[in-house]
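Engineer: With the input below, show me the fold.
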Amino acid sequence: MKKSMLKRLCAVSLASLALGTFTGLPAQAGYTLNPEVKDATPALKQAAEIGVRKHETPELAKEKNKDAILVLSFGTTYKDSRVKTIEKTVSDIQAAHPDVKTVLAFTSHIIVDRIAEKEGKMIPTPEKALDQLKKEGYTRVAITSLDVIPGMEYAYDTAIYDLYKNDFKKMTVGTPIMYWMGQEDQRDDVAEFVEALKTQLPKTDNHTAVLVMAHGTPHPANAYYSVVQNRIDSAGLKNVYIYSVEGWPHLDTVIPQLKAKGIKEVTIMPMMMVAGDHANNDMAGAEPDSHKSILEKEGFKVQTYIHGLGENQAVRKMFVERANEAWDALEKE
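Structural biologist: As a prediction, this is how the structure comes out:
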């Protein structure tokens, strides 16, 4: 099996100590320390935690297994979309694990507070959810994410894992639906996602295009959008472009490309779990600075597709698969 780039880099920086090799396994971390490393430091071990992460607390090893799945989502105040996307996905995960307690938590504390105020519905933060699970005697928790890419929100998920893992006998945390991209014998989540996205794309011709609106992030994971565009092009999808609200590429990055190709009509749709504020207002709103208005001002005829990714059955299947991976890691000795 090939040495990984990460291994080669660490060999230089750590006096020829190899960090590890990819195992090629689709589940678990998919990355293990090289057996030549005889006395790995805590920092080296943490650096090798790639993919699904797993922790066991020796002091709690004799506690009886009582299992739960914790589903983490940013959340939304758009109730109708929440039901069709987040809650439907949680329901699918629960159906895959009917005998396991499944809990939903929102990482946006602002959204948690607004839902409580407007709807009287109490959705816990990850911290409160784990505190409650601990109080109820749960000893093993598989955390799964409804994130699309491993950006800032996923960094929150893994931070929660690091803060709480020693409070439970065993804890795992899975990956977003896009994580691996075919590197070093790993699977290609991005290509799989594009196949799932394709099920909702309208057909295009020489004068029509689809603009898929991602969120965007200051996190380096913003680079995933370029990989998505690459896989879209590789899949032979004609005139389909990724742009983002808060990252790169921007709408004004794409518009010149549309004009250069003679595009006259576009469909805009969100590449987000829910169709919330960004989809309804930033993308499709009536305000002059909405993407729809900007495109119309530039001379394009605009159609809107206001549905979150969670309404796409093929995408939900990917989220269930990621939850299954986190669960399998919890179950594996």
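
Engineer: Any stretches of the protein with poor pLDDT?
Structural biologist: Along the chain, the model assigns pLDDT under 70 to residues 1-30.

Engineer: Do a quick rundown of the strands in it.
Structural biologist: 20-22, 31-33, 53-56, 67-73, 101-106, 140-145, 170-173, 208-214, 240-244, 265-270, 301-304 (DSSP state E).

Engineer: Who are the contact partners of Thr253?
Structural biologist: Counting by Cβ atoms under 8 Å, 6 or more residues apart in numbering, Thr253 makes contact with Tyr243. C-betas here are computed from N, CA, C, even on glycine.

Engineer: and for the lengthiest helix in the chain, what are the contacting residues?
Structural biologist: What stands out as the longest helix in the chain, according to DSSP state H, is helix 313-331. Applying Cβ under 8 Å, 6+ apart, the external contacts of helix 313-331 come out as 26-28, 52, 54, 67, 69, 71, 88-89, 92-93, 96-97, 100, 140-146, 170-177, 189, 192-193, 195-197, 199, 309-310.

Engineer: Just the buried ones from the residues you listed?
Structural biologist: 27-28, 52, 54, 67, 69, 71, 88-89, 92-93, 97, 140-146, 170-177, 189, 192-193, 196-197, 309-310 (16 or more other Cβ atoms under 10 Å).

Engineer: OK, contacts around the nearest residue to Lys261 once chain neighbours are set aside?
Structural biologist: Spatial nearest neighbour of Lys261, excluding adjacent residues (Cβ to Cβ, 6 or more residues apart in numbering): Asn239 at 6.9 Å. Neighbouring residues of Asn239 by Cβ under 8 Å, 6+ apart: 204, 206, 208-210, 261, 263.

Engineer: could I get the residues you listed as CSV with neighbour count?
Structural biologist: Listed next are the contacts of Asn239 as CSV, based on neighbours: other Cβ atoms under 10 Å:
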residue, neighbour count
Thr204, 17
Asn206, 11
Thr208, 18
Ala209, 23
Val210, 23
Lys261, 13
Ile263, 23
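
Engineer: In those residues, find the pair that's most separated.
Structural biologist: Comparing all pairs in the contacts of Asn239 by Cβ to Cβ, the longest separation belongs to Asn206 and Val210, at 13.7 Å.

Engineer: Okay, buried residues for the longest helix of the chain please.
Structural biologist: 315-316, 318-327, 329-330.

Engineer: and the angle for it with strand 67-73?
Structural biologist: Per axes from the mean of the first three to the mean of the last three Cα atoms, to 10 degrees, the angle that helix 313-331 makes with strand 67-73 is 140 degrees.

Engineer: got the CA coordinates for helix 313-331 in CSV?
Structural biologist: Provided in CSV are the C-alpha atoms of helix 313-331 (Å, rounded to 0.1, in the frame of the first residue of the first chain):
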residue,chain,number,x,y,z
GLN,A,313,-33.7,10.8,-0.3
ALA,A,314,-30.3,10.0,-1.8
VAL,A,315,-28.7,12.6,0.4
ARG,A,316,-30.5,11.4,3.5
LYS,A,317,-29.2,7.9,2.7
MET,A,318,-25.7,9.3,2.9
PHE,A,319,-26.4,10.8,6.3
VAL,A,320,-27.8,7.5,7.6
GLU,A,321,-24.6,5.7,6.3
ARG,A,322,-22.5,8.2,8.3
ALA,A,323,-24.5,7.5,11.4
ASN,A,324,-24.1,3.8,10.8
GLU,A,325,-20.4,4.2,10.7
ALA,A,326,-20.3,6.0,14.0
TRP,A,327,-22.5,3.3,15.5
ASP,A,328,-20.4,0.5,14.0
ALA,A,329,-17.3,2.1,15.6
LEU,A,330,-19.1,2.2,18.9
GLU,A,331,-20.0,-1.5,18.7
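
Engineer: Done for today, thanks.
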